[in-house]
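Peer 1: test case, fold it:
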Amino acid sequence: MFNVTVLKMKDIKKYFFIMLMILIILISVSQYFSQSTKQEKTVEKLIFKNNMLSCFSQVIPGIAKIKEGDTKIEEQEKEQTEDTMLQGILKTQISSIKNMDKLEKKEKVQEERMEEEIPKEEEEVDLAKTGLETQVITDQPLKENYHTQYGKVKIKNETEYELTNEMLEPNISIENKNIVLFHTHSCESYTSSELYPYTPTGNFRTTDLNFTVTKVGTELENQLKQYQYQVVHDVSYHDYPAYNGSYTRSLATVEKILKTTPSDIIIDVHRDAIGSRSDYAPIVKIGENDVAAQIMFVVGTNNGGLWHPNWNQNLKFAIKIQEKAEEMYPGLFKPITLTKSRYNQHTGKYANIIEVGATGNTLEQCLTSMKYLAKVMAEVIGK
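Peer 2: Sure, this is the predicted structure:
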């Protein structure tokens, strides 16, 4: 049998204290007798060369294990420190790459903005000519319904007002020549055609403004600018996603525009809707090649009870424009409709709705109309 000695913690502390005292004594003696013997020098070198834990490892095996464990911990801490440093380097590099990507995207956006700001050559606009023969060629036309006539201008009066010659005479002077165009019903569209094919998302309606009255408004804008007029054309949706409340939303738009661009001439561009005839396409041939959709003024009043003090001015403006149109391109306009509703026309001295074509017309026919309307307006408004 073997005798096994079990060292308890108290014994270890005891031995540790004894060894410590012995070491202190040895150090003191070795320093005192540093030159006495070669052996003492060897002991001194051993003591100073090796730390206390080295000596203890030779005496007490348990302490050697402790030292070995400490060494492993130090190595693990070192590895963790190195891993942390590597992770930091990787994070720094990844961050740099991300910053480079952001910088490249920012530079790309700036380049795109610069490209947008560079003036582009405007497309050549085909201006209307005068002295052309004009003829209404509507297939199965609807019977004209009107009550009053001023010269060659016909008026369908849906109000309770009795229109006098004084009320109809277009004796107005247009001083503010700024023009505002907008669309209460932005999504109103036309019959799909070879030049402008599209898929309606409603009953002759689409949210793609490249195929709606908004496109017609853009053509009128471009034409009017050729005559050196300042034109503000708003292309906001007012009837989408909700149709109800369209006039409330378009009123807010117009009032906002007028804060920065005071204007007397305010035109809400629509498309006529003939419920009984979806194929109804009122058109007029001008010259040899142009086929244009007919246009109709809709003028509101205060007969419905809403405040609208300048409705008669609006009517006079419509008569003045249509009177000139009958002189230059007879048949371009259908009779003016005078209604009880206000239609936001209280916002300007010469505010009106123009309905360009109907559901049976094509978009190209309506775009052609704007060429001739702009020419007529330029003749009336002047320089």
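Peer 1: can you tell me which residues contact the closest residue in space to residue 212 that isn't next to it in sequence?
Peer 2: If the residues on either side of it in the chain are set aside, residue 212 comes closest to residue 189, at 4.7 Å by C-beta to C-beta, 6 or more residues apart in numbering. All C-beta atoms are positioned from the backbone trio N, CA, C, and that covers glycine. Under the criterion of C-beta atoms under 8 Å, 6 or more residues apart in numbering, the contact list for residue 189 reads 198, 200, 204, 205, 206, 211, 212, 213, 271, 363.
Peer 1: in helices only, show me those.
Peer 2: Cross-referencing these with the helices (criterion: DSSP state H) gives 213, 363 as the overlap.
Peer 1: can you give me the helices in this structure?
Peer 2: According to DSSP H, the chain carries its helices in the segments 9-32, 38-49, 52-59, 61-117, 165-168, 213-225, 246-260, 311-328, 363-381.
Peer 1: now stretch 258-268: average pLDDT?
Peer 2: For stretch 258-268, the mean pLDDT works out to 97.
Peer 1: actually stretch 302-313, not the one I wrote
Peer 2: The model assigns stretch 302-313 a mean pLDDT of 97.
Peer 1: can you mark which positions in it are buried?
Peer 2: The neighbour-count criterion (16 or more other C-beta atoms under 10 Å) identifies 302, 303, 308, 310, 311, 312, 313 as the buried residues of stretch 302-313.
Peer 1: make JSON lines from those residues and add distance to residue 370 to it.
Peer 2: Compiled in JSON lines, the buried residues of stretch 302-313 are given as follows (distance: C-beta to C-beta, whole Å):
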{"residue": "302", "distance to residue 370": "30"}
{"residue": "303", "distance to residue 370": "30"}
{"residue": "308", "distance to residue 370": "27"}
{"residue": "310", "distance to residue 370": "26"}
{"residue": "311", "distance to residue 370": "25"}
{"residue": "312", "distance to residue 370": "27"}
{"residue": "313", "distance to residue 370": "24"}
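Peer 1: before we move on, back to that, for ChimeraX, write a command that selects the buried ones of the contacts of residue 189.
Peer 2: Here is the ChimeraX command that selects only those of those that count as buried (16+ other C-beta under 10 Å):
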select :198,200,204,205,206,211,212,213,271,363
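Peer 1: in CSV: the contacts of residue 189, plus distance to residue 141.
Peer 2: Compiled in CSV, the contacts of residue 189 are given as follows (distance: C-beta to C-beta, whole Å):
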residue, distance to residue 141
198, 26
200, 25
204, 19
205, 25
206, 27
211, 25
212, 25
213, 22
271, 18
363, 21
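Peer 1: of the contacts of residue 189, closest to residue 21?
Peer 2: Distances from residue 21 to the contacts of residue 189, taken as C-beta to C-beta, are shortest for residue 206 (101.1 Å).
Peer 1: what residue, apart from its backbone neighbours, is nearest the closest one spatially?
Peer 2: Leaving aside its chain neighbours, residue 206 sits nearest to residue 189 (4.8 Å; criterion: C-beta to C-beta, 6+ apart).
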